[in-house]
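S.K.: Provide a 3D model corresponding to the input given below.
(one chain, ligands or ions: 2)
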Amino acid sequence: MRVIGVTGGVGAGKSTVLGIMEEDFQAYVIQADQLGHILMEPGEECYDAVIALFGKEIIKKDKTIDRRRISDVVFTDKDMLLKLNGIIHPAVKQRILDLLGEQKEAGREICVVEAALFLEENYQEFCDEVWYVYTEEEIRIRRLMESRGYSREKSLGIIRNQVSDQVFREHTDYVIENNGDLKDTRRQIREGIERNETL
Ligand SMILES: CC(C)(COP(=O)(O)OP(=O)(O)OC[C@H]1O[C@@H](n2cnc3c(N)ncnc32)[C@H](O)[C@@H]1O)[C@@H](O)C(=O)NCCC(=O)NCCS
Ligand SMILES: Nc1ncnc2c1ncn2[C@@H]1O[C@H](COP(=O)(O)OP(=O)(O)OP(=O)(O)O)[C@@H](O)[C@H]1O
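M.R.: Ligands and ions are numbered 1, 2, ... in the order given. Have a look, this model is predicted:
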């Protein structure tokens with residue numbers, strides 16, 4: 001089984017790339033952010049610890065955690081972000097390892113693991129190769145403003161908490177440029193898949 005890591009800054013198009021890999025190559029997709037969200041749900045293993053860190057006021061009427069309130073805190077307060085990461089990341093990593101084991105067992109050919117903090121959290125350790133999705137900062141900000149209603153300041157706040165373009169490039173094996181249209185992105189994904197089939 002081939003395990004491909006996918007990383008890149010906020011709004012670069014990682015989810016978009018994963019969708020194409022799923023569709024065109026039947027890849028099994030694992031998204032660390034999504035697992036992080038699941039692990040914070042009521043009854044899941046990070047729920048109590050996150051409430052202990054941020055206080056009961058982050059609990060919504062339906063008992064779920066108000067992630068928007070957390071994000072308003074952590075993306076302007078580095079110390080709180082580190083504490084949140086300390087709760088979520090070890091649990092997410094373990095869940096990923098379990099899922100990869102299951103997929104290998106089931107005979108899956110390609111698994112894709114996507115994480116915003118891929119390099120910081122050393123996810124390379126369980127990937128055969130790592131792809132970097134690159135999109136110019138201004139295009140990312142525009143897409144985030146249009147699709148998610150983020151303000152420019154919020155987008156920049158997240159970007160500043162992530163590693164630089166240079167660091168991404170130094171530590172990844174293949175770059176997908178997602179500044180243009182999806183047809184072009186799709187072509188680059190195919191090239192990435194084929195490229196390593198011949199290695
Ligand atoms: C702060 C939280 C609650 C915000 O949730 P929300 O649903 O509003 O946004 P979402 O999860 O989609 O995050 C928005 C974007 O912020 C970036 N981001 C998320 N977490 C982090 C982080 N710890 N450091 C830097 N950037 C981050 C990602 O690019 C992400 O796509 C959530 O992101 C979170 O729990 N983060 C900490 C856990 C984490 O690091 N998850 C990512 C990898 S496991
Ligand atoms: N090539 C493209 N052309 C136009 N829009 C795009 C392109 N790629 C992605 N988008 C749009 O940009 C937005 C951000 O993309 P996406 O959600 O895939 O980014 P992401 O890297 O997964 O973000 P995050 O870091 O928050 O998880 C989405 O609305 C998506 O539809």
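
S.K.: measure residue 120 to ligand 1 for me?
M.R.: To ligand 1, residue 120 is 8 Å away according to Cβ to the nearest ligand atom, to the nearest Å. No exception for glycine: its C-beta is placed from N, CA and C like everyone else's.

S.K.: ok, now residue 45?
M.R.: On the measure of Cβ to the nearest ligand atom, residue 45 and ligand 1 end up 14 Å apart.

S.K.: how about residue 53?
M.R.: Residue 53 is 11 Å from ligand 1, by Cβ to the nearest ligand atom.

S.K.: check contacts around that residue.
M.R.: By Cβ atoms under 8 Å, 6 or more residues apart in numbering, the contact set of residue 53 is 80, 83, 84, 87.

S.K.: which among these count as buried?
M.R.: 83, 84, 87 (16 or more other Cβ atoms under 10 Å).

S.K.: just these: which are in helices?
M.R.: 83, 84, 87 (DSSP state H).

S.K.: mind putting these in a markdown table, pLDDT included?
M.R.: Shown next, in a markdown table, are these (pLDDT from 0 to 100):
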| residue | pLDDT |
| --- | --- |
| 83 | 97 |
| 84 | 97 |
| 87 | 96 |
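
S.K.: out of those, which are close to ligand 2?
M.R.: Applying Cβ under 6 Å from any ligand atom to those, one finds that nothing falls near ligand 2.

S.K.: what residues does this protein have near ligand 1?
M.R.: Near ligand 1, when you scan the chain using Cβ under 6 Å from any ligand atom, you find 10, 32-33, 36, 67-68, 70-71, 74, 81, 84-85, 88-89, 92, 115-117, 158, 161-162.
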